[in-house]
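In: Have a look at this prediction, sequence included:
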Amino acid sequence: MQSFRTEIENPIVEKDILELEQKIREFKEGKVDEEKFRSLRLARGVYGQRQHGVQMIRIKLPYGKVSSAQLHRIADVSDEYSRGRLHITTRQDIQIHHVSLDRTPELWAQLEKDDITLREACGNTVRNVTASETAGIDVDEPFDVSAYADATFKFFLRNPISQEMGRKFKISFSGTDADTALAFIHDLGFIAKIQDGVRGFKVLLGGGLGSQPRHADVLYEFLETEKIIPLIESVLRVFDRYGERAKRGKARMKFLVKDVGLEAFTELIEVEQKALSNTKVVIETIAFEVAPKFQTDSVETIVLEDETAYQAWKVTNVIQQKQKGLFAIGIRVPLGDFYTDKARLLADLIKKYAADELRFTLRQNILIRHVREALLPFFYQELKKLGFAQTGYNKLVDITACPGTDTCNLGISSSTGIARELEKVIAAEYQEFITTKDITIKISGCMNACGQHNMAEIGFQGMTINSGKLVAPALQVLLGGGTLGNGQGRFSDKVLKIPSKRGPEALRQILNDFKANEQQNESFLAYYERQGKAYFYTLLKALSDSSELTEDDFIDWGNEKPYVKAVGIGECAGVVIDLIETLLLESQEKIENASAAFANESYSDSIYHAYAAILNSAKALLLSVAQKTNSHATIINQFDEVFVETKKIVLPDSFATFIYQIQKNEPTKAFAKSYLVDANWFLQQLKTYRKEELTHA
């Protein structure tokens, strides 16, 4: 593997890319532990996929916003380094699959030419900050949340506080009480509010999906906008220090909030206030308030071949903006997959006629913004040429699904295969629902809920059924979930498990029953609550009988060969098993990072790097004597008990007092300097102790 020139002007970004290139080389030479290397590449958007020898690259796109130039760049990268296919995720990212590990630094360098990053798209970091795709154009919004999502993304990108947490951390911003960014399932969710003429947010804490979904708690009914960045920083500091690290299944924020309680968690947030880099951060919004500019004023008069089809498309896919005379166009992208040839044509279209902006959505779709009313027929015609004029944007037929067994290591059954079959059923048999019912169908290939199955009106989760010595792909049917608004939501009930090949029939029975028995203007969620879980269990019970499975039942959707359950090691969490020497080397790197931050007068960052170095060093020694290191707080307590109180390591005071200076001091130059000296001194003490222990072992 040869070194390369990045040609990146930003020295911080260039250092990041060169470090990835260097670590790949060291990993291939056997100089870097596999688990440690996994952690590093995940934090740089490089994710192992089901197929051996190739990677999935996740491109981090804050609140889904993309310009024409950026979409062209992404398309070029996909053609050059992959297979020309783009995948939209439920976090408004783009994923590219089947990329060689050796070429990932080059790929990243190419993306950065148009200000596109991979940094912290995966791993135990602050993941992509999502927002309502209609932010800035919604007729019901109190203000545009885009600026606040953007500021949050920028503040925490490469922030030392959020580089090596116990698990990933997700943040969303909803523009209205409809809560289209799903605040109730996020670690931190924000819903725009105005109180007494002041902008602010309702703040929700500790939500999540997965195998144990948890509804977020209301942390603040109203918090002024200038306080949101300090709040997020405080929460991240608490999560970094007290979050579980040894047990992956218990490491998310939702478990920490549940365990300590909201009141105690709020108290922990207050303890962090003195150490914050800023107590208030005023977020500039001017750049997001500029009126859209258009390259071209008009187009030729369009004569539509099918006026009826055009009107049907307008009903489901066109949204009136709050800006007079402007409209947004929703593009339904089945399963979030589209190709680079269409991406380029779409990029040219928005640059010339739609103010050069689109947004990827939480339902794996595309929203074109700022389209003048007179150009709607033109856009319909051009989008139809691309296959992008299917009706049913955000409707029943618009199914959300994770990649499942197509590429994911954790996939149990095919999400995309069953999704395609269900879409066929809806399109052929339930056309009337496409325009009248906003029923969500969501599918995940496993319990981790990347397809958000357990918050949908109708959800399916990939599972298996055993029949003698054979294993068949199966689906857990879930019903009755949904977003209720203003931070309230409902998780789906697990009704029963059926063979995957019976999924279409299950959907038919559910929709037929709804059609036959719904009351006037009744939503599906209201209908489900009226009938109850037991009613639907009885309705579908016959489909769950696995005593007489056919040969076809053992072949998953989209496959020709019999099903084989093959679940690998997931990388969603980026969990790392650190070696003692590796940790001590990392501590030295963190001290170097602290020194660099200090030289740049980033005193808060320097202090946190120094804190991480001290903590890392203590963890190394505790691992050498097989002590628990489940959380930072545990490490601090254990180090006092095992090393300080026994006089094996001599400190001026307790280790807790020594390291918790970070909570007692403001982030001044003087404290940053002294804390950096302390971190270096502490590491040298521990290295000496470790060397003596090994000598006498």
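Out: Looks like it arrived, so ask away.
In: Can you give the distance of the lengthiest helix in the chain from its chain's centre?
Out: Using DSSP state H, we find that the single longest helix of the chain is helix 669-695. Helix 669-695 has its average C-alpha position 37 Å from the chain's average C-alpha position, going by Cα atoms, centre = their mean, to the nearest Å.
In: what sits against residue 354?
Out: 294, 368, 369, 370, 371, 379 (Cβ atoms under 8 Å, 6 or more residues apart in numbering). Quick note: C-beta positions are derived from backbone N, CA and C, even for glycine.
In: cool, residue 506 as well?
Out: Residue 506 makes contact with 475, 477, 498, 540, 543 under the criterion Cβ under 8 Å, 6+ apart.
In: Now for these: which two are most distant?
Out: Checking the contacts of residue 506 against each other with Cβ to Cβ, the farthest-apart pair comes out as 475 and 540, at 10.9 Å.
In: So these two - more neighbours on which side?
Out: More neighbours surround residue 475 than the other of residue 475 and residue 540, with 27 against 20 (other Cβ atoms under 10 Å).
In: pretty sure that one is touching residue 496, no?
Out: No - with contact defined as Cβ atoms under 8 Å, residue 475 does not reach residue 496; the gap is 9.7 Å.
In: so after the lowest-mean-pLDDT helix or strand in the chain, what's the next helix or strand?
Out: Lowest on mean pLDDT, DSSP states H and E among the helices and strands of the chain sits helix 34-42, with a mean of 80. On the C-terminal side of helix 34-42, the closest following helix or strand by DSSP states H and E is strand 46-48.
In: Now do the helices in the stretch 251-400 of the chain.
Out: Along the stretch 251-400 of the chain, the stretches classed as helices by DSSP state H, counting those that start in this stretch are 253-260, 262-271, 307-317, 340-353, 376-385.
In: hey, C-alpha coordinates of the second one in CSV?
Out: Listed in CSV are the C-alpha atoms of helix 262-271, where the atom choice follows Å, rounded to 0.1, in the frame of the first residue of the first chain:
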residue,chain,number,x,y,z
LEU,A,262,-34.1,11.7,35.5
GLU,A,263,-33.6,13.7,38.7
ALA,A,264,-30.2,12.3,39.5
PHE,A,265,-29.1,12.6,35.9
THR,A,266,-30.1,16.3,35.9
GLU,A,267,-28.0,16.8,39.0
LEU,A,268,-25.0,15.2,37.2
ILE,A,269,-25.6,17.6,34.4
GLU,A,270,-25.4,20.5,36.8
VAL,A,271,-22.1,19.3,38.2
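In: Buried residues, it. List them.
Out: Of the residues in helix 262-271, 265, 266, 268, 269 count as buried by neighbour count, 16 or more other Cβ atoms under 10 Å.
In: quick check, nearest of those residues to residue 108?
Out: So of the buried residues of helix 262-271, ranked by how close each gets to residue 108 (Cβ to Cβ), first place is residue 269, at 34.7 Å.
In: Return the residues in contact with the closest one.
Out: Under the criterion of Cβ under 8 Å, 6+ apart, the contact partners of residue 269 comprise 231, 234, 235, 238.
In: just checking, what packs against the longest helix of the chain?
Out: Helices and strands in packing contact with helix 669-695 are listed as helix 580-599, helix 603-624, helix 661-664; criterion 3 or more Cβ pairs under 8 Å, 6 or more residues apart in numbering; DSSP states H and E.
In: where does residue 484 land in three-state SS?
Out: Here residue 484 is recorded as strand under DSSP: H, G, I helix; E, B strand; the rest coil.
In: List the residues that contact it.
Out: Residue 484 makes contact with residue 490 under the criterion Cβ under 8 Å, 6+ apart.
In: From residue 182, how far off is it?
Out: Going from residue 484 to residue 182 by Cβ to Cβ, to the nearest Å gives 11 Å.
In: rewinding a little: would you reformat the contacts of residue 354 as a markdown table and include distance to residue 111 and pLDDT?
Out: Rendered in a markdown table, the data for the contacts of residue 354 read as follows (distance: Cβ to Cβ, whole Å; pLDDT from 0 to 100):
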| residue | distance to residue 111 | pLDDT |
| --- | --- | --- |
| 294 | 27 | 92 |
| 368 | 22 | 98 |
| 369 | 23 | 97 |
| 370 | 25 | 97 |
| 371 | 27 | 96 |
| 379 | 28 | 96 |
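In: Please report the distance of residue 541 from residue 509.
Out: Using Cβ to Cβ, one obtains 11 Å as the distance from residue 541 to residue 509.
In: between those two, which one's more packed in?
Out: Residue environment comparison for residue 541 versus residue 509 gives the larger neighbour count to residue 509, 16 against 12, counting by other Cβ under 10 Å.
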